[in-house]
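Student: Got a sequence here, can you model it:
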Amino acid sequence: MGKDLIQKAIRGNIGAFGEIIKKYQELVHAKAIQITRDPIGAQDVTQDAFISAFKGFKDLRSDSSFLP
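Tutor: Numbering: from 1, shown residues only. So this is what the prediction gives:
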């Protein structure tokens, strides 16, 4: 993922954050299924993860720390 996309999202660009979601939603959802063992519950976990990520962007110190 390009650093410029992350930087745009950090500055509040909703479209850039949408691109990040498109890129990682399947990976996050698959991990949520592994943890919850509940496909329906994993959808909620995935949504909550991206909401938390969006809210936390303002506190992100380095764009390289986004993925972990």
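
Student: After the single longest helix found in the chain, which helix or strand is next?
Tutor: For the chain, the helix with the greatest residue count under DSSP state H is helix 14-36. Using DSSP states H and E, the helix or strand that follows helix 14-36 in sequence is helix 39-56.

Student: quick one, that following helix and helix 14-36 angle?
Tutor: 140 degrees (axes from the mean of the first three to the mean of the last three C-alpha atoms, to 10 degrees).

Student: CA atoms only for helix 39-56, dumped as CSV, please.
Tutor: Taking C-alpha atoms only, helix 39-56 is exported to CSV below (Å, rounded to 0.1, in the frame of the first residue of the first chain):
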residue,chain,number,x,y,z
PRO,A,39,-18.8,-15.8,10.4
ILE,A,40,-21.7,-13.4,11.4
GLY,A,41,-19.9,-12.2,14.6
ALA,A,42,-16.7,-11.8,12.5
GLN,A,43,-18.5,-9.3,10.3
ASP,A,44,-19.1,-7.1,13.4
VAL,A,45,-15.5,-7.5,14.6
THR,A,46,-14.3,-6.5,11.1
GLN,A,47,-16.4,-3.4,11.0
ASP,A,48,-15.4,-2.5,14.6
ALA,A,49,-11.7,-2.9,13.7
PHE,A,50,-12.0,-0.5,10.8
ILE,A,51,-14.0,2.0,12.8
SER,A,52,-11.3,1.9,15.5
ALA,A,53,-8.6,2.3,12.8
PHE,A,54,-10.3,5.3,11.4
LYS,A,55,-10.6,6.9,14.8
GLY,A,56,-7.0,6.1,15.6
